[in-house]
Each structure stands twice: as structure tokens, then as C-alpha cells.
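1. no FASTA, just this:
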Ligand code: GUN
Ligand code: ZN
């Protein structure tokens with residue numbers, strides 16, 4: 001029998017959805033653990049039960065640390081790693097000034113490999129073990145990403161960003177080449193090891209209707225794939241879309257009319273939605289990806305978490321690196337809390353932790369594998385030190401209960417709080 005490892009610490013898991021059921025959906029064990037075998041979770045329970053049932057297991061005792069699933073980042077751009085935190089622009093200017101010049105550099109496969117490795121190591125050090133990334137228009141950027149992830153054994157999702165207008169010459173493909181390149185990459189990477197290919201039109205302003213149609217056709221051929229794009233992030237972006245697609249009923253209709261609305265669709269930002277758009281997104285069961293540090297950094301607006309969840313939308317959480325200002329899903333949870341506060345809602349820590357793990361995994365349709373530590377899932381997990389800085393430690397020392405002990409780390413924590421990272425049961429950080 002292969003080796004068993006018993007990881008002990010504080011454990012938290014969800015018997016339901018705390019966004020809907022509240023903190024009652026959470027299960028907390030101050031002395032719990034997981035048993036890992038062959039890269040998978042074999043069992044989860046109390047320390048006493050697991051020690052009794054698996055006496056042969058090698059014990060790794062993490063003391064007071066909180067054992068959590070690795071964070072899942074449902075929307076980010078790994079090619080924007082090197083230009084994160086670029087000052088002073090709104091979306092369209094920010095893209096033209098900082099983002100597109102940086103993305104042009106990914107024509108160089110060596111540069112793409114360097115940044116892919118740099119990004120994945122940064123993500124791991126922040127406790128993120130699965131992410132869904134936009135690459136650039138260059139197929140080499142997709143190969144670099146999946147190759148770097150495979151070298152680390154990580155479950156990742158992503159795809160070639162497609163753009164055939166309103167971007168610099170070096171960053172344009174065509175309707176046909178976007179279809180052909182995406183299809184070749186999909187065939188090369190989708191289901192290869194832990195990789196999933198995601199069909200990726202950047203957003204309506206940088207695609208012609210012909211390109212959207214071609215990518216809609218590709219999605220129809222591969223309906224099991226996810227499709228990701230951006231939707232209604234800034235008001236001037238929406239006005240631009242109206243000008244480019246005068247026949248469309250609204251922004252979402254530019255996707256819907258071209259076969260790019262569906263249950264496996266991921267719509268990043270989704271801030272300024274019309275009632276018809278909300279209805280259609282809910283009807284099809286699409287996922288809306290909230291990117292709170294990006295929304296404050298680029299000045300986009302306040303995502304309606306309370307209203308969208310109440311009406312039954314599926315929601316994931318993401319950094320949107322490098323429009324987002326952090327690689328950390330802890331910082332991202334803090335920003336989600338702050339944005340919800342500005343709309344009059346206090347998001348409970350259980351909801352924030354769920355969003356950063358199981359919720360995002362559900363939005364990416366991988367929650368049967370990652371984002372929970374349910375028996376049978378892949379053993380991607382982290383340990384969180386709930387007193388990682390003097391400021392956090394002095395506050396959590398005053399905590400009346402578990403939620404008060406964890407909330408200072410959500411609000412003030414960063415990579416220093418991540419004391420251990422395991423991917424498929426193997427320690428990587
Ligand atoms: N909309 C289209 N492209 C992007 C991007 O790279 N980042 C953000 N935040 N919004 C976008
Ligand atoms: Zn984005």
C-alpha cells in the first residue's frame with residue numbers, strides 16, 4: 001500500500017453554500033485533519049478519528065495552522081505579471097499604455113516561459129494552486145503557461161487571447177487564425193494532465209463579429225470547454241461596445257448573438273449589467289467572475305454581490321492580475337468585503353473563504369477535483385498561519401470565536417500567512 005500522510009491542524013469545510021445558507025453551512029474543527037494518499041484526499045475528519053483509523057500514516061502536525069484547499073483564482077492574466085500596479089489610467093488607456101506593449105513581448109517564447117514560471121511561483125507562494133488565465137494572442141504564450149504548470153503538477157485552465165481589431169499590429173490575429181490556433185491549442189492541451197483549455201475572446205471591442213462567430217463555432221464543437229471573456233467592466237467600455245455593435249441589444253448580446261453565451265461561459269467583472277443581461281446570465285447558468293482589487297484599482301465600479309447571489313447567479317472570485325493590484329486571494333477577499341460594504345452588505349468570512357476556494361472552483365466547473373478537501377479530491381491544499389504578522393497576531397489573540405480569529409488574516413494577510421503549499425500531496429512551498 002502506498003504511503004499515507006496525515007496532515008493535522010484546524011480544518012474548515014462547507015456542507016452547503018454559505019453565500020446562501022450563511023455561516024451555518026461551514027464546519028470547523030479546531031483539531032482536524034486530512035489523510036493524503038497518491039496525491040488525493042483519502043479521508044477528512046477529527047484528529048482523534050484519523051489517528052485511530054490510519055495508525056500507519058506519517059503524521060505532519062501543523063499545530064494551530066488552518067488547513068484549507070488551495071485558493072482558486074477564476075480570472076487572471078499571467079502575461080500581465082511584470083506590469084502589475086501600473087499607475088493612473090482607466091481601462092482603455094490602461095490597456096493601450098501598459099498592457100498591450102507588455103503582451104507584445106510574448107512573441108518571444110523564452111520571455112513567455114520566464115514569465116509563466118515567475119507567475120506560477122508567485123501564485124503558489126500566495127496559496128493559489130489553480131487559476132484560469134488569459135494568455136496572449138501568441139500560441140507560444142499558451143504552450144509556456146501549460147508547460148510551466150505541468151512542471152509544477154498544477155491544475156490550471158487558460159487559453160489564447162483572441163483579438164482581430166483595436167489593438168496594435170503585433171497583437172492581432174484574424175477570425176480564421178484565431179479559430180485555427182485556438183483549435184490546435186485545445187487539441188494539444190485540453191485534458192492533457194491537469195490542463196484545461198478555455199476558449200478566450202478578449203472582449204467584444206477587440207474582436208470583429210466574424211471572429212466572435214468563429215469562436216462561437218469552436219465552442220459549439222467543444223461544449224465541454226469553458227469560454228472566458230470580459231463583460232460590462234467600465235461605463236466608457238460599454239459605450240464603445242454600443243458604437244461597435246449598433247444592432248446589439250446590450251453588451252451581453254454581442255456574445256449571445258455569436259454563440260458565446262452558455263453555461264460554461266465565464267464573464268469577468270459584470271458590474272454594470274442591464275436587467276435583460278442579468279436574466280439571460282441566470283437563465284443559462286453562466287458564471288460571473290468578481291475581480292474586486294481590479295475594480296477599485298482601475299476605477300470600474302461596485303459589483304452587486306448581494307443582488308446577483310440573491311437572484312441565483314453563479315459567482316466566482318479572482319485577482320484579475322495585473323489589472324488587479326495583487327496576486328493574493330486573501331487581499332482579494334478583503335477587497336470583496338470592502339466593495340460589498342460600500343453597497344451595504346457585510347460579507348461573512350465563511351462566504352469569503354468559500355468564494356476563494358469552492359465557489360471559484362464551481363465557477364470553473366472543477367469543484368469535484370479542487371477547491372474542497374472532500375475525500376476523493378486532489379490534494380491541493382495550504383496551511384494558513386492566523387498570526388502571521390504582529391498586527392494580525394495581536395488582533396486574532398482577542399478573538400471570541402473562529403471567525404474572529406480568521407477575519408484579521410483575510411483583511412490584513414498576504415503571502416506571509418501562507419505557511420505551506422501542497423500540490424497533489426507534494427509540498428511546493
Ligand atoms: N478588458 C479587456 N482586456 C482586459 C484586461 O486585460 N484587463 C481588464 N481588467 N479588463 C480587460
Ligand atoms: Zn481580465
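-> Cool, got the structure. The shown structure was predicted, so the numbers you read here are calculated from the model rather than taken from an experiment. Ligands and ions are numbered 1, 2, ... in the order given.
2. only C-alpha atoms from now on, for both contacts and neighbour counts.
-> OK.
3. the spatially closest residue to residue 106 that is not a sequence neighbour: how many residues sit nearby?
-> In this structure, residue 106 finds its nearest non-sequential neighbour in residue 112, 5.1 Å apart by C-alpha to C-alpha, 6 or more residues apart in numbering. For residue 112, the neighbour count with other C-alpha atoms under 10 Å is 26.
4. now residue 133
-> 27.
5. stretch 398-407: which residues count as buried?
-> 405, 406, 407 (16 or more other C-alpha atoms under 10 Å).
6. quickly note the distance from the first one to residue 66.
-> Taking C-alpha to C-alpha, to the nearest Å as the criterion, residue 405 is separated from residue 66 by 11 Å.
7. now for the two: what residues contact both?
-> residue 386 (C-alpha atoms under 8 Å, 6 or more residues apart in numbering).
8. check the residue of the stretch 201-350 of the chain found nearest ligand 1 and give its pLDDT.
-> For the stretch 201-350 of the chain, the residue closest to ligand 1 is residue 323, as judged by C-alpha to the nearest ligand atom, at 4.5 Å. With respect to pLDDT, residue 323 scores 97.
9. one step back: out of the buried residues of stretch 398-407, the closest to ligand 1 would be?
-> Taking the buried residues of stretch 398-407 together and measuring to ligand 1 by C-alpha to the nearest ligand atom, the closest member is residue 407, at 27.0 Å.
10. verify the contact between the closest one and residue 347 for me.
-> No - look at residue 407 against residue 347 with C-alpha atoms under 8 Å: they stay out of range, at 11.0 Å.
11. note down every partner strand of the host helix or strand of residue 130 and its orientation.
-> Assigned by DSSP states H and E, residue 130 belongs to strand 128-134. Next to strand 128-134 in the sheet, as set by DSSP bridges, lie strand 71-77 (parallel), strand 156-159 (parallel).
12. pull the residues that contact the first one.
-> Surrounding strand 71-77, the residues in contact under the criterion C-alpha under 8 Å, 6+ apart are 127-135, 268, 289, 291, 316-322, 329, 356-358, 360-361, 363-364, 371.
13. again, 7 Å this time
-> Strand 71-77 is contacted from outside by 127-135, 268, 289, 316-322, 329, 356-357, 360-361, 364, 371, using C-alpha atoms under 7 Å, 6 or more residues apart in numbering.
14. give me the pLDDT for the nearest residue to residue 248 once chain neighbours are set aside.
-> Residue nearest to residue 248 in three dimensions, not counting chain neighbours: residue 254, with 5.8 Å by C-alpha to C-alpha, 6+ apart. Note on residue 254: pLDDT of 98.
15. pretty sure residue 109 contacts residue 140?
-> Yes - look at residue 109 against residue 140 with C-alpha atoms under 7 Å: they come within range, at 5.6 Å.
16. neighbour count: the two, which is higher?
-> residue 140 (20 against 17).
17. wait, doesn't the more buried one sit right on residue 113?
-> No - contact criterion C-alpha under 7 Å: residue 140 and residue 113 do not qualify, at 8.7 Å.
18. secondary structure element holding the spatially closest residue to residue 353 that is not a sequence neighbour?
-> Closest residue to residue 353 apart from its sequence neighbours, by C-alpha to C-alpha, 6+ apart: residue 333 at 7.5 Å. Applying DSSP H and E as the criterion places residue 333 in helix 329-342.
19. with residue 9 instead?
-> strand 4-14.
20. likewise for residue 199?
-> Judged by DSSP H and E, residue 199 forms part of strand 195-201.
21. contacting residues around residue 3?
-> By C-alpha under 7 Å, 6+ apart, the neighbours of residue 3 are residue 37.
22. what about it, distance to residue 57?
-> In terms of C-alpha to C-alpha, residue 3 sits 7 Å off from residue 57.
23. that older thread, what's the strand holding residue 199 packed up against?
-> strand 156-159, strand 161-162, helix 175-189, strand 226-231 (3 or more C-alpha pairs under 7 Å, 6 or more residues apart in numbering; DSSP states H and E).
24. export the ones you listed to a markdown table and append columns for mean pLDDT and distance to ligand 1.
-> Formatted as a markdown table, the helices and strands packed on strand 195-201 follow (pLDDT from 0 to 100; distance: least, C-alpha to the nearest ligand atom, whole Å):
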| stretch | mean pLDDT | distance to ligand 1 |
| --- | --- | --- |
| strand 156-159 | 99 | 13 |
| strand 161-162 | 98 | 9 |
| helix 175-189 | 98 | 16 |
| strand 226-231 | 99 | 6 |
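25. most tightly packed of these?
-> strand 161-162 (a mean of 30; mean count of other C-alpha atoms under 10 Å).
26. so how far is that strand from its chain's centroid?
-> Chain-centre distance of strand 161-162: 18 Å, with C-alpha atoms, centre = their mean, to the nearest Å.
27. in its sheet, what does it sit against?
-> strand 195-201 (parallel).
28. what angle do the strand it pairs with and strand 226-231 make?
-> Strand 195-201 and strand 226-231 are oriented at 40 degrees to each other (axes from the mean of the first three to the mean of the last three C-alpha atoms, to 10 degrees).
29. tell me the average confidence for stretch 65-80?
-> Mean per-residue pLDDT for stretch 65-80: 98.
30. now do the contacts for residue 233.
-> 269, 270, 271, 272, 300.
31. could I get the phi/psi values of it?
-> phi -90, psi -50 (degrees, to the nearest 10).
32. where does it land on pLDDT?
-> pLDDT, residue 233: 98.
33. quick one: it and residue 152, what's the gap?
-> For residue 233 relative to residue 152 (C-alpha to C-alpha), the value is 33 Å.
34. what's the answer for residue 308, then?
-> 36 Å.
35. the two: who's more crowded?
-> residue 152 (18 against 15).
36. reformat the strands paired with strand 128-134 as JSON lines; add distance to residue 41.
-> Shown next, in JSON lines, are the strands paired with strand 128-134 (distance: least, C-alpha to C-alpha, whole Å):
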{"stretch": "strand 71-77", "distance to residue 41": "16"}
{"stretch": "strand 156-159", "distance to residue 41": "19"}
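37. and residue 193, that's in a helix?
-> No - according to DSSP: H, G, I helix; E, B strand; the rest coil, residue 193 belongs to no helix; its state is coil.
38. distance to residue 14 for the helices and strands packed on strand 195-201 - can I get that in a markdown table?
-> As requested, the helices and strands packed on strand 195-201 are exported to a markdown table (distance: least, C-alpha to C-alpha, whole Å):
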| stretch | distance to residue 14 |
| --- | --- |
| strand 156-159 | 23 |
| strand 161-162 | 34 |
| helix 175-189 | 32 |
| strand 226-231 | 25 |
